[in-house]
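Give me a 3D structure for the following:
(chains A and B, ligands or ions: 2)
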Amino acid sequence: MSNYAIQVDNLTKKFNGFTAVDQISFKVKTGELFGLLGPNGAGKTTTINMLSTLLKATSGYGEVSGYDISRNKDNIRRSIGVVFQEPALDTKLTGKENLVFHAMMYGIKKQERIKRIKEVLELVELTEKEKVLVEKYSGGMKRRLEIARGLIHEPKVLFLDEPTLGLDVQTRRHIWDYIKRLNKEGNVTIILTTHYMEEADFLCDRIAIIDRGKFVAMDAPGRLKDILGGDVVSLEIEGNPDALIEQIGSLDWIKNITRHDETLSLTMDRGERRIPELIHVAQKNEVEVTCVHLRKPSLEDVFLHFTGRTMREEEASQTERNREILRSRFGRRR
Amino acid sequence: MINKTAIYVLWMREMKRWWRAKSRIVGSLAMPLFFLAFLGLGFRRMTIPGLSDDVGYIRFLVPGIIGMNILFSSTFGGLSVLWDREFGFLKEIMVAPVSRVSIVLGRIAGGATTALIQAILILGISCIMGFKITNISSIFLAIVFMILIAVTFLGLGLVFASKMRDIQGFSIVMNFVIFPLFFLSGALYPLENLPVWLRYISKLDPLTYGVDGLRAALIGVSSFSIFYNFIFMVMFSLVMIFLGAYFFEKSESV
Ligand SMILES: Nc1ncnc2c1ncn2[C@@H]1O[C@H](COP(=O)(O)OP(=O)(O)O)[C@@H](O)[C@H]1O
Ligand SMILES: [Mg+2]
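Ligands and ions are numbered 1, 2, ... in the order given. Predicted coordinates:
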């Protein structure tokens, strides 16, 4: 047995010529909590679908629990649990019936089934609602039920595709706790996708940042942030900043400068102590600072650093690109 | 390869969903009963060419309407994969470690059971309304044909479901497949009345043998012998299960 739960080599998926996942390679150790972080349309779900045997890869190699994704589908299916991005519950069944359905599909015998269903329902605190039709559940309850379902057959590897998408802050915290506990105490290898920076930062041992189907960076969250080398001070400015940028660039405690429209993002240690000086330099260069923002580096900055775009811009351009694809395919709409 | 538990649990799910949609059950019985009532009453006094006087149109019509109902509910049953895809549940089914054949058999078992229950209900109501069955053991024969018709068209529905991405194509299947199959089958009139070339086409329609078999069983009058109908229906249903499973296996599940 190798100690990798997942090994992926040059995995690629094309949809009618459009490359959704572009030659990605990575390995996930057994017991690791690995995150795929990227904006909408980056290719996260497509990657999960290929690894969970639902989608055939166009090219490249993938291995889950030691089984080839193109050959040993049944073995992989037996060893993984998946919580899909879109709800995948039968809303005309009760919560418990959904779990029974799942347990029986996975061939769990009656005694064991009753025990495990009870356990997972308690874990996600849905025992009281087990006899209620799922169509009456709230979004958070459905999500919890799906996570419970993904655990019934005790998978070695659990895929969570945007597990907290659209949930309120409290429920999200709750689910984060389950995920952490599951990974640490239950020893389940978890691959999670998200486009929330805080989520990846809080949960994951390692993160791959994915953009337009390609990995742009992969490391522990702390290390990724270290790459940026400290705090980020953003200055919103008015006026021509060229001279200012030059002068700031010559300061030895400045580690990095990114200009983005009217915003300068500067990286440095102990940013809070440098702000007065920065404003002073700006004034000398006849640039007005309208707003100052200090933050400890987040993965948002990492994304910006590696791609030169913010995640929001990336999502906007993704939407635009999809629109163009539709237009070229179906002609312009009047 | 064949996973009995999976087939059972897929069947059970179908039963629960069906039972919980009681209003739909009533609705699904309304159309065939209206057909029976209005066609039956409307053509009551007509002499239908090709039909002997002692049969009577209503007696002729009952097996046809039962066949019609199974045709519709089974094809829709096969197409219900598309609803599962729409609501995301298909992924839960497809990611399970269960052979695709078992999944197809589970769906067919569920769809055939609901189609059969509805058919028997229609038959029962027809009997209350005065339809006479030649002898009781013929009910058993009729049920065999009901199941064969159901399986055949569930397979057909699965083929279409596998070829379609969403439920947009539904009305096309309805208008260009289900209705022609229905009218070509002789459910409403004796096939002998059709022009010769159309009669040839109707011989390719599985429902032709299904309805004729039902007639042979229930009223003892038919175009072909009951054995001939039985053999054809067994062949059709096996071929359609195979095709349904084949295309379902091939289709992308997300
Ligand atoms: N079945 C499909 N057919 C065509 N394009 C698809 C299909 N599924 C996904 N895509 C495209 O592939 C890209 C990646 O999608 P996805 O993997 O869902 O991204 P993410 O999960 O990161 O938001 C998107 O541009 C999306 O439009
Ligand atoms: Mg996604």
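
Need the mean per-residue confidence for stretch B:242-250.
Per-residue pLDDT over stretch B:242-250 has a mean of 92.

how distant is it from the center of its chain?
19 Å (Cα atoms, centre = their mean, to the nearest Å).

Run through who's touching it.
Residues from elsewhere that reach stretch B:242-250, judged by Cβ atoms under 8 Å, 6 or more residues apart in numbering or on different chains: B:78, B:81, B:100-101, B:103-105, B:108, B:154-159, B:161-163. Yep, even glycine has a C-beta here, placed from its N, CA and C like the rest.

then that stretch to CSV, C-alphas only?
Output in CSV follows, covering the C-alpha atoms of stretch B:242-250 (Å, rounded to 0.1, in the frame of the first residue of the first chain):
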residue,chain,number,x,y,z
PHE,B,242,-30.4,-4.8,-23.0
LEU,B,243,-30.5,-1.5,-25.0
GLY,B,244,-31.6,0.5,-22.0
ALA,B,245,-28.8,-0.9,-19.9
TYR,B,246,-26.3,-0.5,-22.7
PHE,B,247,-27.1,3.2,-23.4
PHE,B,248,-27.5,4.0,-19.7
GLU,B,249,-24.0,2.6,-19.0
LYS,B,250,-22.6,4.7,-21.9
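
Secondary structure element holding the closest residue to A:Q283 other than its chain neighbours?
In space, and not counting its chain neighbours, A:Q283 is closest to A:V289: 7.9 Å by Cβ to Cβ, 6 or more residues apart in numbering or on different chains. Here A:V289, judged by DSSP states H and E, is contained in strand A:288-295.

contact partners of that strand?
Under Cβ under 8 Å, 6+ apart, the answer for strand A:288-295 is A:231-239, A:271-272, A:275, A:278-279, A:282-283, A:301.

Would you tell me what the next helix or strand after that strand is?
That would be, after strand A:288-295 and using DSSP H and E, helix A:299-307.

if I look at whichever residue of the stretch 151-254 of chain B sits closest to ligand 1, how far off is chain A?
In the stretch 151-254 of chain B, no residue comes nearer to ligand 1 than B:V254, which is 6.8 Å away by Cβ to the nearest ligand atom. Distance of B:V254 to chain A, given as Cβ to the nearest Cβ, to the nearest Å: 5 Å.

Then B:A6?
With Cβ to the nearest Cβ as the criterion, B:A6 and chain A are 6 Å apart.

by contact count, what packs against the helix or strand where A:Q111 lies?
Here A:Q111 sits within helix A:110-123, counting by DSSP H and E. With contacts defined as 3 or more Cβ pairs under 8 Å, 6 or more residues apart in numbering or on different chains; DSSP states H and E, helix A:110-123 has these neighbours: helix A:95-105, helix A:139-152.

right, is stretch A:30-41 up against ligand 1?
Yes. Using Cβ under 6 Å from any ligand atom, we find that stretch A:30-41 touches ligand 1 at A:38, A:40-41.

when you check ligand 2, which of these turn up near it?
Applying Cβ under 5 Å from the ion to the residues of stretch A:30-41 next to ligand 1, one finds that nothing falls near ligand 2.
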